[in-house]
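Asks: Here is a sequence together with a model predicted from it:
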Amino acid sequence: MSLLVSNVLFTCLVLLTAVPAVMVVITQHIVRAACWLLLSLAGAAGLFFFLGADFVGATQLLIYVGGTLVLVIFGVMLTATGPFVNLRASSGDWAMSVLVGFSLLAIVTFGIAQPTWFNPAMFEDSGPTRASTNRIGMAFLGFPEENPTPAHPAEKEDVLVDPPKHVGVGYLLPFEVISVHLVLVLVGAAYLARAKQRPKRETA
Amino acid sequence: MLIPSLQIYLLVGAVLFTTGLLCMVTKRNAIGVLMGVELILTASNINFVAFSRYGKLGLDGQLVSLFVIVLAAGEAAIALAIAMNFYNNFETIDVDRASNLKG
Amino acid sequence: MGLIWVIATLVPLAAFVVQILFGSVLKRANAYIATGAIGFSFFLSTMGMLWYASFKPGVLSPPGHHAHHEEVVEGAGAAGHADHSHDGEAGEATDHGHEDAGHDSEADHGPVNPVAFEGSISWATLIRGEDTLSKVLRENPALGDLIGPEDLREEGPGVVSVGYRIDNITALMFFMVTLIATCIHVYSMGYMDHEPRYGRFFAYLSLFCFSMLALVVSNNFFQVFMCWELVGLCSYFLIGFYYEKKSASCAANKAFITNRIGDVGFIVGLMVLFSTFGTFSFSEIFTPEGMLNPELAAKADTFWLTVAGIGIFVGCVGKSAQFPLHVWLPDAMEGPTPVSALIHAATMVAAGVYLIARSFPLFTPEALLVITYIGGITLFVAATIAIVATDIKKALAYSTVSQLGYMVMVLGIGGWIAGLMHLITHAFFKALLFLCSGSVIHGTGTQEMPQMGGLYKKMPKTALTMLVGVLCISGFPLTSGFYSKDAIIAQVLAYGESNPEHTFILLLPGISAGITAFYMFRLWFMTFVGTPRDKHVHDHAHESGDLMTVPLVILACCAFLAAGVPWLGLPIPSLESFIGFGQPAAADSGQFAGLTARAHELHGVASVVASGCALLGTVLAVAIYWKGYLSPSEAQRQFPRVYDLLINKWYFDEIYRYLAVRPAMAFGRMVAWFDKNVIDGALDGSADLTVRGSNFEGRFDLGIVDGMVNWIGSTFFETGVSLKRVQTGWLRGYVVTIALGAVALVALGAFLYTP
């Protein structure tokens, strides 16, 4: 992939991520917003791929685009209140939120542009980190990378030269915690979203 | 024509974050608010992965973003359940109406 | 065999229990149960008396034959006695048989133990029981020589027991009580016929009979005391039988309280006695001959012995209505008339005299002098009050007091036989008189003699039987009262001979004998003779039924014959010899040595004196109340002060009111004032102080403690109120705020950041 193509693709992906995001805000129809969101999230997945995080990107696509968004659309459909209900925020809200949002964006952008916190030695462009699922799985399970030999010798320079010790600590415990947490969350969700039961009012 | 660099990624993340925030503020629909949250989470994911790519912290960023994705899924599920219940109880999805606890 | 008396005692108790438990079921059958029980007791006591006589033949020996008995016992001096007895037989044809009797009585008291049967059950140990040593000795009498017989006693010292002790006095009293009580039970069945609480009346009577009989048979002072109190309790119940009447309940209270005063003395006496002797038992305190047990007497101080004697006598004063405490007996006439007859004439008041006689050896000469004077004063005072009494029962009540005074006085001067004789004879004729008066009241419906008169034709049986009673009490020859009063006067004369310093008090019995005859005939004349003074009462009057008149006739016979016929010298036991058999040696030794014999010598004089006084009184009564030669109202006008004194009963009630009741009330008021002002005041003050302190503390609490807490609470509340506006419930606003906060934070950081 040539640098030019790569740059064009990157630009497209950035635009694919940012513009639908803005459209999500702007559009008033919730279903359209969902569609724009779909595009934005897909763009973000592309950016992940571009960053060499294949597994994260795939997960993003699968879970967000394939799962969460479907869920959101289901929610939209289940809570549809008809075409005449106006849920538009007032102009004052708009003005204030745009003001706040842009000031925040300005501050963040200003921060990004600041060179003082940026240590080039620390953040040198080391190229995309090719992280195979194998490695991620190993990291999850906590196996230390004693020999961080790259999967492919050609990509030797792509691999972290100096694998940090803490990788060996692993993510088994957070993984476990997250898993249990998810189970609880889903049980809670199922409980909340169960068939509607009118609370029995005590007749006097 | 943009050249991939950490700053660009962070900028994209910032845009996404801001739009997510605006989405949360301006949408009166509860589902819209949820979408805003998703955007903010995605923004943070982009930041994590970008730092993972450009920093020297190895896979940590990617792993955290994986956690975030999964948590976002859970969050979406429970948020939708809350929205459903809200809708069931108030016959509306307007978050401005959810003001029973106001002081 | 002594159990026959025990059974006879317990039968009325059983009857009482049955009546109390099943009274509501039995109703009028109560009367039959009570009467049957006392009748059975009477039967048993008759059997017992015969048994006693066969066991102690000496008691039955008529005066002339006593000597033979004495021979067996004494041997020595038998010839002299035999001579006397022959004299007695020789002189039987004359009326001067008293001297003979005197000789015989002199022979009476040898070392003869009148106690035939005795037994007891211990139920409480005050000091200590029988110790091991004495138990061993009792089981091995052979060892007794080493220690001495006193350790072999059944009872250890300080053991309180309940038991019986049968001697001639007990047998006689038992016989008298059961006989009179039986008559009165039968009479009551007629008299109480229309009364409410008919059954309860008989239940009380049964309890009373049990108490009296248990008192008579008891062998120790403690049992006497218990029965004494029971008797008093029954008296209380029966005086207050018509408790709807204020006067009756007051009279019951008066009797009870007055008796309590006497009982205080009795208890003091008993305590002194017990702390001195360590025992209550008669057989331990007294020797069989009737002296104070020399062993115990050696331990005792004369002073304390006097205190004990006077204490016991004070109890008798209360119970027998003697001089200072006599006021309750006339008021006790509020009870039904049979009760008056049974309790307040025949038995209960006799208990005091009986106790004096029973504990006679205990009394020191000083105590006996007190007894003499109290009795003398009583007999005179009561007799004078009886002169002016118009209520038929009250007149009889004062007469009772007076006669009891006779007994007490003569006991005080050593006339043991005379006192007990008069006790027995008086019981019969006073019961008779009361029942007759009851019959009159029953027939006329009034108790006031001025409303009666001329009732003889209406109720001849009552009138005649009452006449017998009047003759007896007045001491007319051949009647029982004659013998007993004659014995008293003889004793008085004999005592006066040797103790001339007490002549004044010794004149009283003679004078009172005349007064007695006067007021008794006055009573009879006013009731039965002359013209009817109240037409309505007279028309209403009727003779009582057989249930009432038959007991009257029986009692009249008994009253007439009670003293026996000693002067005839016939082999018939006389009352005097029966009683004299058990005369304690103390009554004829020491200061009284030879007095009994001297009294017998003076019988002739005595009978003349007594009969003369009685005749004088009778003549006066006839002159005033029958023939009307003298007008009683004239006499009243002539001696207004005397009349006032008498009609107001010597102002005893007033004196007591001023000396006892008013000071008590004043003291009570003082105590009440003290209570109300000082104690209550102190309490109120402390309460007030507490209230003030509490108020202050309350203000402190409310102002400072609560104030602080409330201030904190209200401050938080107000803060919350002001802060709650922040909680808008506007969800999107929160997001804006968060973002704004982030922006502000970064802006602040940038502002503060100085590289």
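Replies: Structure received. Numbers count the residues shown, from 1 in each chain, chains lettered A, B, ... in the order given.

Asks: any idea how far residue C:478 is from residue C:461?
Replies: Taking C-beta to C-beta, to the nearest Å as the measure, residue C:461 falls 21 Å from residue C:478. In this view, the C-beta of every residue, glycine as well, is placed from N, C-alpha and C.

Asks: Pull out the buried positions in the lowest-mean-pLDDT helix or strand in chain A.
Replies: Within chain A, no helix or strand scores below helix A:133-141, which has a mean of 70 by mean pLDDT, DSSP states H and E. Residues A:135, A:136, A:138, A:139, A:140 are the ones in helix A:133-141 that count as buried (16 or more other C-beta atoms under 10 Å in any protein chain shown).

Asks: do stretch C:485-500 as well
Replies: By neighbour count, with 16+ other C-beta under 10 Å as the criterion, the buried positions of stretch C:485-500 are C:485-496, C:499.

Asks: and which of the residues you listed is nearest to residue C:582?
Replies: Proximity of the buried residues of stretch C:485-500 to residue C:582, judged by C-beta to C-beta, is greatest for residue C:487, which lies at 15.5 Å.

Asks: Thought residue C:576 was touching the closest one, still the case?
Replies: Yes: with contact defined as C-beta atoms under 8 Å, residue C:487 reaches residue C:576; the gap is 7.0 Å.

Asks: what sits in contact with each of those two?
Replies: Overlap of the contact sets of residue C:487 and residue C:576 (by C-beta atoms under 8 Å, 6 or more residues apart in numbering or on different chains) consists of C:417, C:421.

Asks: Output the below-cut-off pLDDT ranges for chain A.
Replies: Regions of chain A meeting the criterion pLDDT under 70 cover residues A:1, A:81-86, A:115-133, A:141-170, A:195-204.

Asks: would you list every one of the helices in chain A?
Replies: Defined through DSSP state H, the helices belonging to chain A, from first to last, are A:3-26, A:30-50, A:54-59, A:69-78, A:91-113, A:133-141, A:172-192.

Asks: Which neighbouring elements make contact with the fourth one?
Replies: Spelled out, that is helix A:69-78. Contact analysis of helix A:69-78 by 3 or more C-beta pairs under 8 Å, 6 or more residues apart in numbering or on different chains; DSSP states H and E lists helix A:30-50, helix B:30-54, helix B:60-90 as its packing neighbours.

Asks: The shortest one versus helix A:3-26: what angle between them?
Replies: With axes from the mean of the first three to the mean of the last three C-alpha atoms, to 10 degrees as the criterion, the two stretches helix A:30-50 and helix A:3-26 enclose an angle of 150 degrees.

Asks: quick one, the helix or strand bottoming out on mean pLDDT in chain B and helix A:172-192 angle?
Replies: The weakest-scoring helix or strand in chain B, judged by mean pLDDT, DSSP H and E, is helix B:60-90 (a mean of 85). Here helix B:60-90 runs at 10 degrees with respect to helix A:172-192, directions being taken by the same axes, to 10 degrees.

Asks: Return the distance of helix B:60-90 from the chain's centre.
Replies: Taking C-alpha atoms, centre = their mean, to the nearest Å, one finds the center of helix B:60-90 at 9 Å from the center of the full chain.

Asks: do it and chain A meet at all?
Replies: Yes: taking C-beta under 8 Å from any C-beta of the partner chain as the criterion, helix B:60-90 and chain A are in contact, through B:60, B:62-63, B:65-67, B:69-78, B:80-85, B:87-88.

Asks: tell me the domain boundaries of chain A?
Replies: Partitioning chain A according to the TED database yields domains covering residues A:1-81, A:132-145+A:168-191.

Asks: all helices in the stretch 251-400 of chain C, in order from the N-terminus.
Replies: Under the criterion DSSP state H, counting those that start in this stretch, the stretch 251-400 of chain C carries helices at the ranges C:282-285, C:294-299, C:302-319, C:328-331, C:337-341, C:348-358, C:365-388, C:392-412.

Asks: May I have the first one exported as PDB, CA atoms only?
Replies: Meaning helix C:282-285. Extracted as PDB, the C-alpha positions of helix C:282-285 are listed here (Å, rounded to 0.1, in the frame of the first residue of the first chain):
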ATOM      1  CA  PHE C 282     -50.700 -25.600 134.600                       C
ATOM      2  CA  SER C 283     -49.300 -28.900 135.700                       C
ATOM      3  CA  GLU C 284     -45.800 -27.500 135.700                       C
ATOM      4  CA  ILE C 285     -46.600 -24.100 137.300                       C
END
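
Asks: Can you add distance to residue C:523, pLDDT and secondary structure and give the buried residues of stretch C:485-500 back as TSV?
Replies: Output for the buried residues of stretch C:485-500, formatted as TSV (distance: C-beta to C-beta, whole Å; pLDDT from 0 to 100; DSSP: H, G, I helix; E, B strand; the rest coil):
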residue	distance to residue C:523	pLDDT	secondary structure
C:485	18	86	helix
C:486	22	85	helix
C:487	25	86	helix
C:488	22	88	helix
C:489	23	88	helix
C:490	27	87	helix
C:491	27	87	helix
C:492	25	88	helix
C:493	28	87	helix
C:494	32	87	helix
C:495	31	86	helix
C:496	30	84	helix
C:499	35	80	coil
